[in-house]
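**Student:** Sequence below, structure please.
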Amino acid sequence: MDSRYFRPLSVCIAFTTLVSSATVVAQSTRRSQSPSDDNWPTFRGPTGQGDSSAKTTPLTWSTTENIAWKIPMPGPGASSPVVFGDHIYITAYSGFFVPNNPGGTQEDLKRHLLCLDRKSGKEVWQKIIPAKLPEEERIRDHGFAANTPTADKDRVYCFFGKTGVMAFSHDGKELWTADVGSKTHGWGTSASPTLYKDLLFINASVESESLVAVNKNTGKEVWRAGKIKEAWNTPQVVANVDGKPELIIATQGSIQAFDPDSGEQLWTCATDITWYMVPSVISHDGIIYCLGGRSGVASLAVKTGGRGDITKTHRLWTSFKGSNVTSPVFHDGHLYWMNDNLGIAYCAKAETGEVVYEQRMNRSGQVYASALLANGRVYYLTREGRTFVVAAKPEFEQLASNDLNDRSLFNGSFAVDGSRLLVRSDKFLYAIE
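**Tutor:** Model (predicted):
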């Protein structure tokens with residue numbers, strides 16, 4: 001391996017002790033649940049880490065093969081579908097700055113929340129939400145509906161940037177709206193809501209440079225942490241090395257951890273990544289894995305459970321290999337991801353960051369979707385609708401290449417619905433079986 005791309009830092013901090021001592025978080029923590037085939041209730045599934053216990057997800061498909069159904073979208077969007085109970089929920093936008101559809105003004109901008117029948121894809125209800133103005137004149141790449149909804153047994157929760165955080169009943173009744181800030185950004189907003197106990201966490205870095213906790217029953221603010229800058233990733237509640245919950249968010253230059261109940265900052269760790277942070281972190285046995293950045297340091301591992309600035313004591317390794325947009329998955333001691341611009345699939349040792357393989361994929365193009373781990377496979381979706389399926393093992397093996405090009409963009413990530421995969425483009429939502 002070329003030492004220019006790997007810089008171990010404190011790798012020998014009792015790694016085996018960390019693994020053996022890590023425990024699961026309390027039952028009240030959402031991510032204490034194992035990946036479930038029954039529901040895919042939030043961005044990257046029930047664990048928030050893009051992994052599924054499904055054993056029968058499809059391997060091959062095309063525009064004419066293995067499509068259970070497809071339905072037209074009322075507009076484009078970069079959000080992903082979620083599944084809860086008998087329903088699928090997904091957002092879109094219309095009226096203004098729609099690709100290949102010039103015209104319209106900000107006054108015409110609307111967000112859409114669709115509730116679909118899980119089996120057939122037929123629309124059950126749709127809510128149309130006017131934008132709170134003024135908005136950005138244009139959003140680069142992914143438009144005005146990039147935040148994935150979140151659902152539980154009581155409600156569906158959506159985040160629409162400065163228009164607000166909104167809760168709906170499962171029969172479509174609007175229950176409450178919360179304001180988390182009024183600023184906008186040329187890259188738009190993209191972080192998805194995260195549930196924990198009776199709290200809903202919102203990364204409002206764009207809207208107010210804040211991490212905000214609201215009561216999921218009322219929408220009232222419970223706590224707020226400031227100085228959350230240049231962060232487009234979805235907050236994650238993880239179990240630290242002592243089994244206690246920590247709320248993690250990656251910001252420009254640092255990873256920050258908070259007590260999810262009180263909002264007290266627990267620790268910070270420098271990343272040496274100078275760019276804005278888009279990928280969401282993942283965790284395993286008390287270790288955080290983070291990607292980010294376009295150049296220089298682009299990934300790192302951090303031991304949780306510290307206090308204060310833990311850069312020198314808990315940062316385990318950094319690497320020059322990573323991704324600026326896509327989030328990774330963890331499987332059997334290895335990390336898997338695809339770089340968003342290079343079209344390269346990576347496998348690295350989670351213990352050290354050492355790259356096991358880096359494979360350039362044929363005709364990959366850009367990738368915004370995060371990796372999906374299911375059925376012993378890793379699924380990588382490109383913006384043109386091509387999915388590369390590779391074996392989840394440290395020796396590269398491509399199992400399939402599937403083309404679903406519908407002449408629009410695929411910016412959302414996969415959702416798992418039992419034995420089906422759900423994926424959206426700017427034009428359609430597809431159920432693949």
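**Student:** Can you list the buried residues in stretch 409-424?
**Tutor:** Buried positions in stretch 409-424, judged by neighbour count with 16 or more other Cβ atoms under 10 Å: 409-417, 420-424. Yep, even glycine has a C-beta here, placed from its N, CA and C like the rest.
**Student:** Just the residues you listed: which are in helices?
**Tutor:** Among the buried residues of stretch 409-424, no residue falls in helices (DSSP state H).
**Student:** if I read this right, residue 51 contacts residue 373, doesn't it?
**Tutor:** Yes - in this structure, residue 51 is within contact of residue 373 by Cβ atoms under 8 Å, at 4.4 Å.
**Student:** Mind listing the shared neighbours of these two?
**Tutor:** Among the neighbours of residue 51, those also in contact with residue 373 (Cβ atoms under 8 Å, 6 or more residues apart in numbering) are 329, 330, 331.
**Student:** doesn't residue 392 make contact with the last one?
**Tutor:** Read it as residue 331. Yes - counting by Cβ under 8 Å, residue 392 is a contact partner of residue 331 at 4.7 Å.
**Student:** who touches both of the two?
**Tutor:** Among the neighbours of residue 331, those also in contact with residue 392 (Cβ under 8 Å, 6+ apart) are 373, 378.
**Student:** burial count for residue 175?
**Tutor:** A count of neighbours around residue 175, defined by other Cβ atoms under 10 Å, yields 15.
**Student:** Whichever helix or strand it is part of pairs with which strands?
**Tutor:** For residue 175, the enclosing helix or strand under DSSP states H and E is strand 174-178. Under the criterion DSSP bridges, strand 174-178 sits next to strand 165-168 (antiparallel) in its sheet.
**Student:** quick one: the partner strand to chain centroid distance?
**Tutor:** When distances are taken as Cα atoms, centre = their mean, to the nearest Å, strand 165-168 is centred 19 Å away from the chain's centroid.
**Student:** who's in contact with it?
**Tutor:** Contacts for strand 165-168 (Cβ under 8 Å, 6+ apart): 113, 127, 129, 155-160, 174-180, 193, 200, 202, 214, 216, 219.
**Student:** same thing but at 10 Å, please
**Tutor:** Strand 165-168 is touched from outside by 89, 111, 113, 115, 125, 127, 129, 147, 149-151, 154-160, 173-180, 193, 200, 202, 204, 207, 212, 214, 216-219, with contacts defined as Cβ atoms under 10 Å, 6 or more residues apart in numbering.
**Student:** hang on, the earlier thing: please compute how far the strand holding residue 175 lies from its chain's middle.
**Tutor:** Taking mean C-alpha positions (Cα atoms, centre = their mean), strand 174-178 and its chain are 23 Å apart.
**Student:** ditto for stretch 136-143
**Tutor:** 19 Å.
**Student:** Export only the CA atoms of that stretch, formatted as PDB.
**Tutor:** Taking only C-alpha atoms (Å, rounded to 0.1, in the frame of the first residue of the first chain), the coordinates of stretch 136-143 have been written out as PDB:
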ATOM      1  CA  GLU A 136     -32.600  30.600  -2.900                       C
ATOM      2  CA  GLU A 137     -32.800  31.600  -6.600                       C
ATOM      3  CA  ARG A 138     -31.300  28.300  -7.400                       C
ATOM      4  CA  ILE A 139     -30.000  25.200  -5.600                       C
ATOM      5  CA  ARG A 140     -27.000  23.400  -7.000                       C
ATOM      6  CA  ASP A 141     -27.600  19.800  -8.100                       C
ATOM      7  CA  HIS A 142     -30.300  18.500  -5.800                       C
ATOM      8  CA  GLY A 143     -33.100  21.100  -5.600                       C
END
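**Student:** Understood, closing this out.
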